[in-house]
Structure formats: structure tokens, C-alpha cells
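Participant: kindly return the folded structure for what I paste below:
(one chain, ligands or ions: 2)
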Amino acid sequence: MAKTAPAAEPDINVRGVRAAIRALPDSLINRIAAGEVIERPASVAKELVENSLDAGAHQIDITIDAGGKALVCVSDDGHGMGADDLAMAVQRHATSKLGDDELVHITQLGFRGEALPSIGAVSTMTVTSHSQGASGAYELRVDAGHISSARPAARRKGTEVRVERLFAAVPARLKFLKSDGAETTAIADTVRRLALAAPKVGFRLQSGQRTVLDLPPADAALPFDSAIAQRMRMLFGPEADANMRPLLASREGLSIEGRLGLPTWHRATSRDIHLIINDRPIKDRLLMGAVRAAYGDLMPRDRFPAIVLAIAIDPTRVDVNVHPQKADVRFQNPGHVRGLVISAIRSALGEAGLATSASLEQQALNHLTVGSGASSPENPGGFEAPQQAAYSAPDFNWNKVRVAQPYGRAMTPRLSGLDAPSSRQTDDHHHEPEALDDYPLGTARAHVHETYILAESRDGLILIDAHAAHERLVYEQLKAGMERDGVGSQPLLVPDVVELPAGQAATVLDQADALAKMGLVVEPFGPETVLVRETPAMLGPCDGAQLVRDIADDLAEMGTSERLDARLKRVASSMACHGSVRAGRRLRTEEMNALLRQMERTPASAQCNHGRPTFMKLDKKALDRLFGR
Ligand code: ADP
Ligand code: MG
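Facilitator: Numbering: from 1, shown residues only. Ligands and ions are numbered 1, 2, ... in the order given. Next up is the predicted model:
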């Protein structure tokens, strides 16, 4: 059958044909805006909960059905809206939140006046509200952009927004939604993030008959840090207390408060990195990078910390109007914020010092086999078979490193004091063991299975993985050496000429001194081109040109590059691994004690370079409990 030519459309949609310019009707504008603001049911939940928070709510109840596709309903006890406000609220770009006509002093979560009209354009939305001090409530309905007039309704306080049949009129969007379960998870995630930023507000999320989240408000009188801690306990479980530490820092009009997870309490995804700027949960690549850089080599490379960082900054120094969803921000001085985040995390981790993931102790206790007394012919002592390992180590190939020599070779710094008797030992022999007991890691009693050091302190029993601990110490020494003396470089036979995108050569050359200290020597070479003369000897033969290109990209995108530093640290880490005490070598008592003392002095010695713990402590009280003493 021959195709019939399409009937000629008048004016529009035909390329090359000039159509008259016309202003779009509001209904269409709202539908277009909805495409940016409302991506999925979780975006509806986010916008509505933000409105409730802006309205000063103390309790926010969210009810959803079919992953939010059938229903998202948010109900609050905030200040509410009167009949006139209701009619305005669903109009485009109508907001009560910008006091003046500037976008520089934004203190509330909303300000664009887009959410309600956008949601109303792509759903059936019913807003019911009782304004503070008014005699009654009003209700207003928007059905796929058609606004009805407000009429009296029954509600005692605050506002309820019911969003039904989301995207029913936008099949293209509907098609891209995930399963009900996945959309429910996304909504729960959104609520969790907002709930962490507002710990003094109660949140409840109900999906059909199921209560997904129930978070009572923290006492209004609690300091913010304690309120956050309480909320984290609710969200992360009781382990949170033992595995997290407070964090506090401030510098020039910028302050950070929060809680950070110990490096041994790591996660498979970045989902529990919570960044909050002036009470607004945000996603920011720069700050995510800063968090990961701060944990850096304390954590396996493919794992993520759990952390809540609440940053307070002068609102004029941060732009939140970057994206319609308001999750991105731009800082006036990104380097400043990044620097403070890194130093705050580092110093909190430093203070955490010898703390190793506290839940490990609990796990170990759970896996101790205790004589049950129920003996049988096959099992005379009544002991149970050992259960699975208490701690599952991240993927790490021990076979690769077993070829190493014992420490003490040229490449490996010796552990200072590992052989030298400590000054205490020469003092008074009678008091010496007691004195050693007073150290946090106690005094070494035995080397068991040629792997673990068994130590005794005043208040407990400590098991140390000698290889893991020594590896960390050697690594920290290597790093200190790199820091102090710089990294040696190796001249290239033929220097590499690297052409870079416009403007990038200058940014790389700005960093030339810092790069040279790490063994990468670059020089100017004509416009937009640099010359690589030397590469870090530690890296062996490497593609210097590619390295420079990657660094240039980092600098262009983030204003800083940790790439070379990270690579050097990885090499140092593997050198440390080769150079440390192997399992299977019998350690002398002085060696063991020297190792313990050095651990106490070394930052971050509670975990090895692969993020595994280096020691576990069993509290004496826990031991006594185990034996019913
Ligand atoms: P924005 O939050 O950017 O101002 P919205 O479209 O989300 O824009 O809301 C428009 C206006 O409706 C808000 O400025 C506020 O005055 C009012 N409003 C929305 N939700 C609520 C609520 N839950 N309680 C009280 N007022 C609300
Ligand atoms: Mg809003």
C-alpha cells in the first residue's frame, strides 16, 4: 500500500517553516516545569515534606500507595494557609518565602514557587489547610492543571496535600518509573535524608498497611548534636552509638557539626553519606569527594563511610538556585568548604584514635563458643562447632603478598624501638608489668597461632593481628617520609608532550611545584601544551601523559586533584604490605610490646590499609559476664 502524505499541519512542528511566536499557556508551562521538578514519586514526597518543614511543622505524616504512583499524601501540623493563600499557592512562581526580590538570602527550603503548580499539572492534587488563627479549613483541587476554587472543608490544624494518579496524563513519564518496591525505597530514602536534617521534627512513613519509618521528634531542648545522634540511632540501629563519633569544626563564617562513622563500620554504597547545608540535604560531588578523600586510606577503596555532616554557612556565600530540584549547590569558595570538611573528619578520626568498630566486640562475643554443658558421646565437652567468621574481610588476595620478606629490608623503614628496650623496662622490674598494664593496648602475654598477639590490660583482653597492625605502622612511616622528603622521580628518556584542552595547561602548571614534590615534573611547552620530564619513581614505568590529562580534568572540574597522591598512597600501601611482619613468624615479647606501644602512638592504627580492624578488645566485664561471674 502506498503511503499517503501526512496532511499538512498549519505552521507548527515543521522544520524550516516559520511559525508565529506565541506565549505558552500556564497549563503547558506547568507541565514543562513539572518535567524538571517532578521526576518520580520521591520528588513529590520531597517537595511536599520540604513545604511542611518550611511551615514549621512538628510532625509530618506521609502516606503512600503503590510506590507513590497511586497516592502520595503529606500531612503536617504547620502554620497552614487561608483560602486566598491556597489559591495563590497553586499559581506558578507564587511563594511566601522570598522576603525581598533577591535570591541571595535563602533560608527556607522552598523559594521557587514551582512545586505545587508542577505537581498539580501532572496529577490530581487536593490541598486542605487550616490556617493558624482562622476559624475553619479550606480545600482546593487541581486536576491535571485545572484549578477549582477553594471551598470550606474539615481539618483542625495544618495542611494536607493529597497527590493521586501521578503522571496518569503523562504516559511517557509513567513508563520510566521503576517497580512499586523500588519507588517506595526511593521515597523512604528521601524521607530519611530530610529526617536527618530535621531531627526535632517527627516523621512517619506509611506504605499501604506497612509502617516504613516511625521517627518520633527529638526533645526540642536537646543540643543539635545529641538530636542527630538520637535520630541516627533510630535510622541506623543501636550500633550507631558505638560506631560513631561527634564531629565539630568551624572556621571563618563556616561551621560543621555532625557525626562520623568509624572507618571499620563501612558500607557498600554512598547512601549513608548525608550532607546538609543550612538544614537542606544536598548531593554534591565536591563534598562527596572530600569525604572520601578524608577517609582515604582508612577504608577499602570500594566501600563508603556512614556520616552526617551539617554545614552552616552564610546563605549569601552559597547558591542553592542551581537546579530546579535544589539538591545541587555552588559555593563561593569551594576550596574553603572542602578544606574544612577534610580537616574536620581527619581530626575527629584522629580523636577516635584506637577505637575500632565497636560492634566487632559484640560480634566476637556472639561467636564465642561457650560450653553448654550438654555433652554427648560425639561431643564430650558439650562445645558447639565454631560458627562462621565474625568479621568478613573485604576481598583481599593474601596469596599475592605472601612472597614478601620479613621487615628490615632497605625499602622498609624499621619500626623504631622494635628491638630497642624501652626506657621503662630498665627502671624497676617489679613495677614494669603493672606499668605496661596501664597502656591502652596493655602488655603482650603471648603470640598465638603465630598470627595474633594476646595482650592484657587493666580492664580487658586484647587480640591484635600483628601483620595488619605492623602493615599500618610501616605505611604511616612511609607516608610521613613522603611528606617530609618528597617522592623521588625518574627522568623520562624522551619527555612526553601533552596537549590539553584550552585553559587547562595553565591550571596544571600552577600546580607544578606540588606535583614535583610528588615526583611528577612538568614544564610549560607552547600554548595549551605541557612537557612531562619526570614521573614518580615509585610508580615504575607509567603513562605520564595520561596522568597529566587526568589531573587536568580533575582540576578543571573540581579545582583540585587527589589523583597522584592517591596513587602514591596505594603503592606505599602495597610496599607496606610486603614489608611487614608475616603471619607465621614467631615474635619475641619485646617485639610485641614495641609494636603495641607504636600502635598507640600512630594515628589510624585501629585499622589496616585494607580497612580491616587491627585489634579487638574484650572488656573484662564482658568476660566476667560470659562466665557468669
Ligand atoms: P515554594 O515552596 O518554593 O514557595 P511551593 O509551590 O512548594 O513553592 O509552595 C507555594 C507556597 O504554598 C509556599 O510558598 C507556601 O506559602 C505555601 N505552602 C505550600 N505548602 C504548604 C504547607 N504544607 N503549609 C503551609 N504553607 C504551604
Ligand atoms: Mg516548596
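Participant: hey, let's count contacts and neighbours off CA atoms from now on
Facilitator: Will do.
Participant: so residue 325 touches residue 35, yeah?
Facilitator: No - contact criterion CA atoms under 8 Å: residue 325 and residue 35 do not qualify, at 10.7 Å.
Participant: close to ligand 1: what parts of this protein are there?
Facilitator: Listed as neighbours of ligand 1 in the chain under the rule CA under 6 Å from any ligand atom: 51-52, 55, 78-81, 89, 94-97, 110-116, 159.
Participant: buried subset of those as a ChimeraX selection?
Facilitator: The following ChimeraX line selects those of these that are buried, judged by 16 or more other CA atoms under 10 Å:
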select :51,52,55,78,79,80,81,89,94,95,110,111,112,113,114,115,116,159
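Participant: so of the residues of the chain next to ligand 1, which ones are in strands?
Facilitator: residue 159 (DSSP state E).
Participant: from the residues of the chain next to ligand 1, list the ones also adjacent to ligand 2.
Facilitator: Counting by CA under 5 Å from the ion, 51, 110 from the residues of the chain next to ligand 1 sit close to ligand 2.
Participant: which of the residues of the chain next to ligand 1 fall in helices?
Facilitator: The helices, defined by DSSP state H, take in 51, 52, 89, 115, 116 from the residues of the chain next to ligand 1.
Participant: and the pLDDT for the last one?
Facilitator: Per-residue confidence for residue 116 comes out at a pLDDT of 95.
Participant: can you start the count at 18 instead of 1 from here on
Facilitator: Sounds good: first residue 18 from here, last item residue 133.
Participant: how about it: what's its closest non-neighbour residue?
Facilitator: Nearest residue to residue 133, sequence neighbours excluded (CA to CA, 6 or more residues apart in numbering): residue 107, at 5.3 Å.
Participant: please enumerate the strands of the stretch 418-567 of the chain.
Facilitator: 460-465, 469-474, 477-482, 506-516, 538-541, 546-553 (DSSP state E, counting those that start in this stretch).
Participant: sheet partners, orientation included, of the last one?
Facilitator: Spelled out, that is strand 546-553. strand 506-516 (antiparallel), strand 538-541 (antiparallel) (DSSP bridges).
Participant: low-scoring pLDDT stretches of the protein, where are they?
Facilitator: Low-confidence segments of the chain (pLDDT under 70): 18-31, 120-122, 369-452, 596, 598-601.
Participant: could you name the helices and strands sitting against the strand or helix carrying residue 638?
Facilitator: For residue 638, the host element (DSSP states H and E) is helix 637-643. If you count contacts as 3 or more CA pairs under 8 Å, 6 or more residues apart in numbering; DSSP states H and E, helix 637-643 packs onto strand 477-482.
Participant: so what's the closest residue to residue 112 other than its chain neighbours up against?
Facilitator: Leaving aside its chain neighbours, residue 112 sits nearest to residue 130 (4.7 Å; criterion: CA to CA, 6+ apart). Listed by CA atoms under 8 Å, 6 or more residues apart in numbering, the contact set of residue 130 reads 106, 109, 110, 111, 112.
Participant: returning to what we had before: who's more crowded, residue 342 and residue 52?
Facilitator: Neighbour count, other CA atoms under 10 Å: between residue 342 and residue 52, residue 342 has more, with 20 against 16.
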